[in-house]
Structure formats: C-alpha cells, structure tokens
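# Need coordinates for the following:
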Amino acid sequence: MDPSTSVDDYIPTFYVGQHESKRALPITEQVLRQAQDCNYDMLTTPITTPHFHSRVLALLSNHLSELGSGDATRFARQTPAPLVPALSPVDTPLTPGEVISQLLAVASPWIDLCSPDPLIYNISRQVLDLEIAYAAFCGIGNVIVPGPKLHHRNLHGGGLTQYARAIQEALTAGNYLQIHIMLPIIDHPDTENDDEMGSLVPFAREEFFGDTLEDRPRRADIFGTWDAWNLIRTVCKYNARLFVALSLPRHLPAFPIVSRWHSEPLRLLSLTAHSFLRNPKGYPVLSRAHQTLISMYMRIRNPPWILLCDVGPIPGLDNPDDRIPVADGFLSPSATADAAQSPTLAEASRHQQQSGNKKIKDPMPHLSYIRNLQRKQPSRTTLDRLGAGYQDYLQAPLQPLTDNLESITYEVFEKDPIKYDWYERAIARALRDWAEQGKPTSSPDGRVVVAVVGAGRGPLVTRALRASEAVSVEIELWAVEKNPNAYVLLQRHNEEDWRNRVTVVKSDMRAWKGPWRDGVTPTAPSLRSYTSSADAPSPYIPQPEHTPIDILVSELLGSFADNELSPECLDGITHLLNPDYGISIPASYSAHLTPIAAPKLHADIAARGHSDASASETPYVVMLHAIDYLSTNLSGPTPPRKDPGDGANNADFPLNTHAPSTVTPPTTTMPNVHKAWEFSHAPSLSPPEFPICNRHNERHARLTFRTRDRGVCHGLAGYFETVLYPGVELSTNPVTMEHKSPGMISWFPIFFPLKTPLYIPDHCELDVTIYRQTDDRKVWYEWMVESFGWNLMIGGEKKRDLSLRHQSGPLGLRKEVTTSLSDQDDLIAQYNTIHATLHAIDRRLRAAAAIRGALDRRAPSTKRARESMKLEGLRERMALLTHLRRALLTKITELEIAEKAQERARKKKEKKETVGEEGVERAESGEEEIEGEEHEGAAEQEGGKQEKQAGTRDN
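Below you'll find the model as predicted:
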C-alpha cells in the first residue's frame, strides 16, 4: 500500500497463491520462504504422490481383468469393489509441521465422483476419503477438490447427487477443514478435460452409459455450473465450511452469471496463463472485463484469494544466492497497457509470435501484474467506508418505542452525510413557503411553531435552527424526547450550543399535549388537547394553554418505512398539528420489495435456528452486499448523477447499490422493485380514540415479479422511499437511491427470509404476498412467496413436461405437481384430469368464500387473513389451470391436424397412380377447407365453455 494512502482510501489486499500441476515434492520451509520473498502469500501441494496414483491404477486394472469378458454387469454386482489400501509414507508428501498451515492442499484431479460406473465412483470416493482424513490429521486448513464432471458422453449431470454425497462425507470427516469446489464459471462441454494423465474416466464400462451412442450436439449453459453448485450446497445443507473456487476463462460470459457468483460463498479465483492476454510489449495482462470482475469481487466482506495456476516456477529455487526481484506491483505504464480488444485469429497468431520473440526481464510477470492491479484498485466509496464491517451482517431491527437507545447508536446514525442535509433542506423549504404564502402561525408572537419529536441527541434540532437562519424565518422550537438519558444531553446542548432557544420536553410524543403558554388561564379547556376527562384541567385552577404545531419534524422511519411503528407514533400527535396549514416532515413514505438470492444470509439464519426457533420468521436489518437480484430488466447507459435538490425527477440509475459505484458492470441491469403500500400524515381533527384501534394501519399487498434466469429465492429485500417535503425525498430503493439520496447510510435494507429456499426455473413468475398485521397490542408482518412456471415442448423425441411449483414462507410449505406428456392420448388424459381438478377447486372456492364471508370483524385478524390468503390462492390456481387447459386443447388440436395431414399425404401417394396431379391438388384443397372449418368450430365451442364457467364463478 502507498504510504500516503489514508485510512479512508483503504485499498483491498490481494492474497495471491501459486499452483503448479507438476510441482516438485515435497514443499519445504525453504521453498515456502522463497515464495514469500517473491511476494506470493501461499502455495498449493498435492495430498498424494504419483506413487499412490500408480497403486490405484494397478488395483483398478487387476480388478477389471478379474471380471473377465462375460456378463460384466451381473458379475460386477456380485463382486464387491476393491478396497484402496491405506496411505504409506511414499504415498504422500505431507507431514505435520509449521509449514502445513500455510499450504492449500489439492485433492487428486484424476478421480471421477460423478462416474456412471459404480466401480469408478466407489474407488474415487475411497481415494477422496483417504486424502481428506490424512489432510485433516496433518493440520491442513483448506482443501481444493476438483469440481464434478458434468458430461459423460451424452449423459449430463447424472452423477451430481453422488458427488454431493461424497462432499458431505468429506465435511463430516474433516471437522475443521474448509473445502473449496473448483468450478468453471459456466458449463461448457469443450472445457472439460478428459485427457488428464491416468484419469479414471476412460475406465468406465460401456454398459453403464446406456443407449447414448448417437452423437447429439452439446451446448454451453451459462447457469449449468451454478445449478451443479446449488445441488451440492443444498445436499450439504449450506455448510459454512463449503466454498466455491471459480476458474476464470479468457473470455468472460454475460453479466447475469457474474452477478450470480458474486452472491455465492466465493473463496478462490483461479487464473491460468491462458486467462491472460499479451499487450504490445509482450507482458501478460487481463482484459477490462476481468479487471472489472476482480474489482467487484474484492469488495465482498471476505474477499476471495487469487490462485495463479501454471504461470511458471518460483524463481531462485535452484540457486538461493541469486538476487530475485520482488513482485511489488510497481510497473511501467507500457508493461501494464491493455491488450487489443477482440483480435482476429490471424492478428492473435501474429501478435503471439511477435510477443514471443520479446524477452521479458521480469521472472514473474503474472504476479507483478496482479500486484499492480491491486495498487490500482479504486478507493472505497462513502457508503463502503461508513458501512465497513456491516456488509451481510444480520441485525435485529431497532425498537426505539420500547427501548432507550444508547449514545453510540445515535452516533452511528448521525454520521450519515446525506440524511440531515436533506432534512434541513426540507425544513428550510417549508419555512420559506410558509412565509411567502403568508400563512398565520400558531404562536402569539408570529413565530412558526416547530416541534421535533423523538429528538434523540438533537441533530434535527440543530438543523431546524440552521434552516431558520438560512431563510430568515423565526421559529419557536420544541424538542420532545422520552429517553431520560438523551433528555439530559438535550438540556446541555440547549445551554451550551442552542443559546436556550429550544424548549426541551421529556415525554412520550403520544402523551404530549402540545406547546403551552405559561400564565394563561383558559376560559374553556380545549378538548382536542386532552385524551380523557381525567386529564382535562379544572376551570378554577390556572393552567397553561396548549396551542397547535405548525411544522412537525420526526425521524421515526425504519428500514421498511413503517417497521419501527412510525404510523402508530405519529397517530398520537398529528391531532396537534395546525388543522388548516399544519405540515408533517416526512409527509409520506412507502415500502418496496424485490426477491433476492442471498445464500450467505440463509446460511447464517439456518445456523441461528439451532438456538432460536423463530430465526427464519424474523425480519433482519442488513447491509445487503453479496446478493443477486432475481427479477431484473435491461436499461440504457447511466447518465451523470444530478443533485436531488434541483428538482430533477427523471433519470436512469445504476444496478446494485450494494456494489461500489466505481465498478460498472458490462451490461447495466436494473432490479424490479415494486411498491407494497404507503402511509401519509396530515392534520387530524381529533385525538386518537381510547381504547386505541389500530385497524387503519393494517396493510396488504400482492406483487408479481417476472424472472428471466433460473435461481433460488432466499427471501425478500425491503426498502422505502419518503417525501420529506415536496421536492425533497429520501430513498433506500436501489433503483432511485442514486437519484434521490446518493450515499445515504442511515438505513440498511430489511430482509424477509424464507425458511425453505425456493428454486425458480427460467422465465418464471414470482407472486409475493405480504401483510402488515396488528391486534391492537403489537404489529407484525406475514409474507409468502409463490413460484409459477410451465414449459410445453412438442416435436422429435424430446420429453414434454408441464410443471407447477408452489412455495410459501415463512412457514416453508411446498407443493409440487409434475406431469409428463408423451403423445396425444396422454394429452387428452391430462386435459380430462385438469378439467376434473377445476371442478374440485371450484367447489373448494365456494366453500372458502362462504367461510370468509361468515367471519365478522370480531374474529381474530390472523384467522381472517389466513382465509383470505386461502381464497386468493385457490383463485390463482384456478386461473392457471384454466390457462393450461386452453394450451392443452390447442396442442391436441395441432396433433389432430398433423395426423390428418399425414393421412392426406398417404392418400395422395396412393392416388398418384390412378389420377393426375391436378386432381390430387383439388381434392387436397377441399379437405383443407373442411379441416379449417372443423378447427374453428372446436375453438368456438371451447370458448363458449370457458365463458360459461367464468359466469358461473362470478355468480
């Protein structure tokens, strides 16, 4: 790090390791020291030697020869797999010692835990178990395991379950080991290496591949590798010691998969010599896309390590006395210049020859470039600096209504560089408009009465005084705070900083009767200022007169706008506002939601579930960072950011406010964030009723999100937007935050977790239902996520399947119906089944509607909510099945038309010998007209049935 770099401009530290596939064994303390002198941080070592590899191959060959040339499958089932003998000193280079803790162990790359041959799988699992057990014994902390082989000829992903089972056993065997699964960033069949010397893959027997002789094309799947990883970590129950080691190719895929891996527990980034390009000077460099990816991944709370694979040996091992330069990253601009973007094959070949002739003096050019890239990392943003340590850290929401906050909690909020500036701007605009419009004030001396409720340590009080001075409008300022400790500090501020210009009141805002005038005896007490007859003053005793408030200022908003009971608190004081001109700051606020993938948060919550049964049903405040938005859409380039105070309202905004703004993704995408509900506060003509009825603060929303790519929904991210005063807004919504309140950190988003993660197929719809419930004593949320997806494919020998998925949280209920359709008879049978199901649902729908209608307002709100959710779920399911029935009818009709076309072709061929070509064409034309009429009639008949059913349900 540059010595002149300040703490606020902290640059991420790169931990760089070196891996050689053919490394000389063993790694001694001298080798490790030499690598560290060259500026490597760690080295890799194989767990076993080539001698052990030879023993396993000999064992396998002998067993296969014993099976003979008879019925190998039947004989193999009767003969148990051979046992791999225990390790001997010549089988492993590892011994316990001080060097061990600084090494990354690598499991044997020649095993195949996904093999369709049970013999190969059995031997591979024995090898892995032996290596994991011995590595754990020696004190190794990290083991890299080769990823699953997804392609075995035309079999794809068949052995993933057994691979996941082997990894689960390895985690159990090594209680303190961290296992890293080495995976390519995408699933590309051409990238799998079947030529590994001595690999067990070619030993798999033919009879276990089934009928896979035909050569089918294999295409790349950008989410195929992630799908495999998702299955592995699901089987392993999101184990906290299981990580991803990602291998980066020379050409990176589209941004959605890059963002998806950003949300996973990523521990290693593997770069081979092939991942680098050559610049005009012949130095290895990374493309701009690779640089952006590394910068984004290095902002994770626990950034991944970088592993340079087969980029050259460690210099100086042969002659330790040689002077080897240290790869400190200080390179000339020509050495780090970017390579040409997307050269042609001829240009690349010619450039490779030219750069190959140039001699590079640096013995470690790849390491030097990585260290130089580290030095050039962009400095942290304000959000990163102030939020350091809070990324993906689960926190329980604050309860300021019931708890008295500590001074350090207030101090964290007061560090926000945006919120209080925006509050001051809102107060100033309100005062200026009040004066310009000539509104009468509630104070006898003409000053505007301003009350700050929930004043805390007084930052809003200070801002209100500044705003008054800025617009030259005098105010009468009141500060109300229930926390007795903060009340002491407010009194001190009033004496030392505010020059006794503030009246400080110790009271709960809901019990406060408003500003008073000393020495005035009211002729008739104002009923609006008192909550009961017992509190009303006697007309014979001099009492202070309470007057209204002109501007009410509060900062009661939570991460989801209303989760800290801002509506309930303000309900108890808005009746004190000036009934004609009173202003509330904030004037309104709304809650917003979007589904996200957050595997790290889910793993943390699952770990808490062992001691807290309600952990998965509790919303958490968290600075979302390593997440992936599931519902997104593409947008254009981001324009220059504007000052929210200039009245600009229309602009595009960058994706992922949890990612640093200095890192621009290759393709800008925007999350779909939908508004759930809204609260607004205006002057109330009467105080709240007693006993308090809070039904008017209940809310309910049902939102639909469309997803493009497959994924797993772990929960909902909640945000809010608020209008402090017309023209001044705050937002934590990632779509609008950069426009309305950039850099604000007072509020982190809220996370509503799902007890059971919900898998989402491609091109799916997510329905989110959320309730804000109350029983007049407390307020809570209920949420549910449903996923609906279907896929119909017809033609060739492809299997056609129709699926419906349903997931509800936080109770974690799950229903799944999958039906396979193979021919026209199955289509008709499925049509009849859906038709019967529709009638059954219709009966259940009528019964549920009758039950819901019979419940009156005296029934518990939770029971009414459950019946309402059941009713809506039945309606949604009925609509979906109706849609599917129409689709099936269309497919049945298409199959009938295809069959008749084949019949006409057969008849045409038979008639060719007896009639002319012209006659055949005339006959065919007549049949087509008749067929068209039949098809139209069938469609009209089905449409009439649907209209009749819809009318019945409406009645």
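
# Which helix or strand in the chain has the lowest average pLDDT?
strand 813-821 (a mean of 31; mean pLDDT, DSSP states H and E).

# so who does Ser442 touch?
Listed by C-beta atoms under 8 Å, 6 or more residues apart in numbering, the contact set of Ser442 reads Val449, Pro515, Thr547, Pro548, Ile549, Asp550, Asn578. From N, CA and C alone the C-beta is placed, and that goes for glycine too.

# A helix includes it, no?
No. Under DSSP: H, G, I helix; E, B strand; the rest coil, Ser442 sits outside any helix and is assigned coil.

# Next, Arg267: secondary structure please.
strand.

# Can you give me the domain assignment for this protein?
24-69+80-203+219-316+364-378, 407-516+546-555, 590-634+669-808, 821-854+871-906 (the TED database).

# now do the same end-to-end measure for the first one.
Put plainly, it is domain 24-69+80-203+219-316+364-378. Its first and final residues considered, domain 24-69+80-203+219-316+364-378 spans 38 Å by C-alpha to C-alpha, to the nearest Å.

# go on, the second one?
Counting by C-alpha to C-alpha, the length from the leading to the trailing residue of domain 407-516+546-555 is 16 Å.

# now that domain: mean pLDDT?
Averaged over domain 407-516+546-555, pLDDT sits at 91.

# which residues touch Ala24?
Per C-beta under 8 Å, 6+ apart, neighbours of Ala24: none.

# Look up how far His696 lies from it.
Distance, Ala24 to His696, by C-beta to C-beta, to the nearest Å: 77 Å.

# How about Arg777?
Counting by C-beta to C-beta, the gap from Arg777 to His696 is 16 Å.

# In three-state terms, how would the closest residue to Ile427 other than its chain neighbours be classified?
Leaving aside its sequence neighbours, Ile427 sits nearest to Ala467 (C-beta to C-beta, 6 or more residues apart in numbering; 4.0 Å). Secondary structure of Ala467, reduced to three states by three-state DSSP: helix.

# What are the boundaries of the helices in the stretch 651-800 of the chain?
Under the criterion DSSP state H, counting those that start in this stretch, the stretch 651-800 of the chain carries helices at the ranges 737-740.

# quick one: low-confidence parts of it?
Along the stretch 651-800 of the chain, the model assigns pLDDT under 70 to residues 651-668, 684-692, 790-800.

# Try it again at 90.
Applying pLDDT under 90 to the stretch 651-800 of the chain flags residues 651-670, 681-696, 738, 741-746, 761-765, 774-778, 787-800.

# same check, this time on the stretch 51-200 of the chain
Applying pLDDT under 90 to the stretch 51-200 of the chain flags the ranges 62-82, 97-102, 115-118, 149-159, 173-176, 187-200.

# just checking, what's the longest strand in this protein?
strand 711-725 (DSSP state E).

# In the contacts of Ser442, which residue is surrounded by the most others?
If you count neighbours using other C-beta atoms under 10 Å, the busiest of these is Ile549, which has 28 neighbours.

# quick one: contacts for the residue nearest to Ile427?
Listed by C-beta under 8 Å, 6+ apart, the contact set of Ala467 reads Glu424, Arg425, Ile427, Ala428, Leu431.

# switch to 6 Å and redo it
By C-beta atoms under 6 Å, 6 or more residues apart in numbering, the contact set of Ala467 is Glu424, Ile427, Ala428.

# how many other residues sit next to His625?
22.

# Okay, and the beta partners of the nearest residue to it once chain neighbours are set aside?
Counting by C-beta to C-beta, 6+ apart, the nearest residue to His625 once its immediate chain neighbours are dropped is Gln391, at 4.0 Å. Beta-bridge pairing of Gln391 under DSSP bridges involves Met623.

# If you tally nearby residues, what's the number for Gln391?
Neighbours of Gln391 (other C-beta under 10 Å): 19.

# Contacts only, for it.
The contact partners of Gln391, taken as C-beta under 6 Å, 6+ apart, are Arg301, Met623, His625.

# and of the residues you listed, the nearest to Ile257?
Checking the contacts of Gln391 against Ile257 with C-beta to C-beta, the nearest one is His625 at 18.3 Å.

# of all the domains of the chain, which lies closest to Gln395?
Of the domains of the chain, nearest to Gln395 by C-beta to C-beta is domain 590-634+669-808, at 4.6 Å.

# can you give me the strands in the stretch 401-550 of the chain?
448-453, 475-481, 502-506, 516-517, 545-546 (DSSP state E, counting those that start in this stretch).

# Partner strands of the fourth one, with direction?
To tie it back to what came earlier, the one meant is strand 516-517. Short version: by DSSP bridges, strand 516-517 pairs with strand 545-546 (antiparallel).

# following the strand it pairs with, which helix or strand shows up next?
strand 551-554 (DSSP states H and E).

# show me the contacts for Ala273.
Contacts of Ala273 by C-beta under 6 Å, 6+ apart are Asp310, Val311.

# what about it, distance to Glu20?
12 Å.

# on that earlier part again, out of the domains of the chain, the one nearest Thr13 is which?
For the domains of the chain, proximity to Thr13 was assessed by C-beta to C-beta; domain 24-69+80-203+219-316+364-378 is nearest, at 7.3 Å.
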